[in-house]
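S.K.: Sharing a model that was predicted from the sequence below.
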Amino acid sequence: MNVEAKQGTETKQIRTFDPNKVPRSEEFPEVELPEPPYDIEVGCGAGYHSIQYANRFPNHTMIAIERTHKRFAKFLSRIHGNKMGKNLIPIHSDALIWIVHHIPPKSVGRYFFLYPNPFPKNRRWYTMPFMQFVIESLQDGGTISMATNIKEHHLEAKKYFQHHWNLTLEEDRKVESGEEPRTHFEKKYLERGEDCWNLMAAKPVGWSAEDCTAPTPHPH
Ligand SMILES: C[S@@+](CC[C@H](N)C(=O)[O-])C[C@H]1O[C@@H](n2cnc3c(N)ncnc32)[C@H](O)[C@@H]1O
């Protein structure tokens, strides 16, 4: 099917998220979190964006989560090389499990999901029940940014953010080839001449998970 043709408003039903069913990992890294609010990057890779962000916003606490040993090790060595302040907190863990067990409701100002691909079709973050927890953990007006080089994912994420999760779309744009890349993958894709897109969606005041559980009615 043509990508543009999938731009309708219909989304699949997503089951209600139950955080009690997420097992507590034995291997959580020990970390002392400051008081909220937090900004969180999920799948930060070698940490280019998180490091720039924490330097740019010294008053924000940036929690950057990466699950692979190899990328996390690169991230740590960059942190040491850049002599980072305490406002950058690197976490080596699966982001879903760590967030569920550490992040309270309404404590996050901004989430970043930057180039989370590749991931299996049925494990796109915006179609996962976990997204309910993510939105519940956002402050009113808090935002979720998602970047991808896959147009189908961009259009699908936009549809889910607006029509399933009832978020307010604040940004929907193509990343320009002359722009300073924000991440390692963005740099790689732009250098290859690939298109990249960025979405930012905000949690409206009065947002309720209950309003998201009913299947979206078919527009016709
Ligand atoms: C394509 S890379 C992008 C890395 C970085 N955001 C960038 O743009 O340069 C996706 C990253 O997400 C990480 N990742 C995927 N699922 C994750 C999860 N559940 N928890 C933590 N990291 C995850 C992968 O290990 C990988 O490093």
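M.R.: Structure received. Just so we're clear, the structure is a prediction, and the values are computed from it rather than from any experiment.

S.K.: Let me know the secondary structure of N117.
M.R.: At N117 the chain is in coil, as set by DSSP: H, G, I helix; E, B strand; the rest coil.

S.K.: So it versus C44, what's the distance?
M.R.: Using CB to CB, to the nearest Å, N117 is found at 15 Å from C44. Using the backbone N, CA and C atoms, a C-beta is placed for each residue, glycine as well.

S.K.: ok, now L155?
M.R.: Distance from L155 to C44, by CB to CB: 25 Å.

S.K.: got it, and H101?
M.R.: Taken as CB to CB, the span from H101 to C44 is 18 Å.

S.K.: Kindly report the residues of the protein close to the ligand.
M.R.: For the chain, the residues in contact with the ligand (CB under 6 Å from any ligand atom) are 43-45, 65-68, 71, 94-96, 114-117, 183-186.

S.K.: List only buried entries from these.
M.R.: With burial judged by 16 or more other CB atoms under 10 Å, the buried subset of the residues of the chain next to the ligand is 43-45, 65-67, 71, 94-96, 114-116, 183-186.

S.K.: Restricted to helices, list those.
M.R.: Among those, the ones falling in helices (DSSP state H) are 71, 95-96, 184-186.

S.K.: hmm, which two among these are most spread apart?
M.R.: Farthest-apart pair in these is L96 and E186; separation 23.0 Å (CB to CB).

S.K.: contacting residues around the closest residue to P204 other than its chain neighbours?
M.R.: Distances taken as CB to CB, 6 or more residues apart in numbering put T168 closest to P204, at 5.3 Å, once the chain neighbours are dropped. The contact partners of T168, by CB atoms under 8 Å, 6 or more residues apart in numbering, come to 201-204.

S.K.: What residues are bridge-paired with T168?
M.R.: Residues in a beta bridge with T168, per DSSP bridges, are A202.

S.K.: which intervals of the chain have sub-threshold pLDDT?
M.R.: Within the chain, the ranges that satisfy pLDDT under 70 run 1-7, 26, 118-122, 213-220.

S.K.: One more pass at 90, please.
M.R.: Along the chain, the parts satisfying pLDDT under 90 run over 1-15, 23-32, 81-85, 117-123, 176-178, 212-220.

S.K.: follow-up on the earlier one: tell me how far the residue nearest to P204 lies from the ligand.
M.R.: Separation of T168 from the ligand (CB to the nearest ligand atom, to the nearest Å) stands at 24 Å.

S.K.: Repeat that for G178.
M.R.: Plainly put, G178 is 19 Å away from the ligand if you go by CB to the nearest ligand atom.
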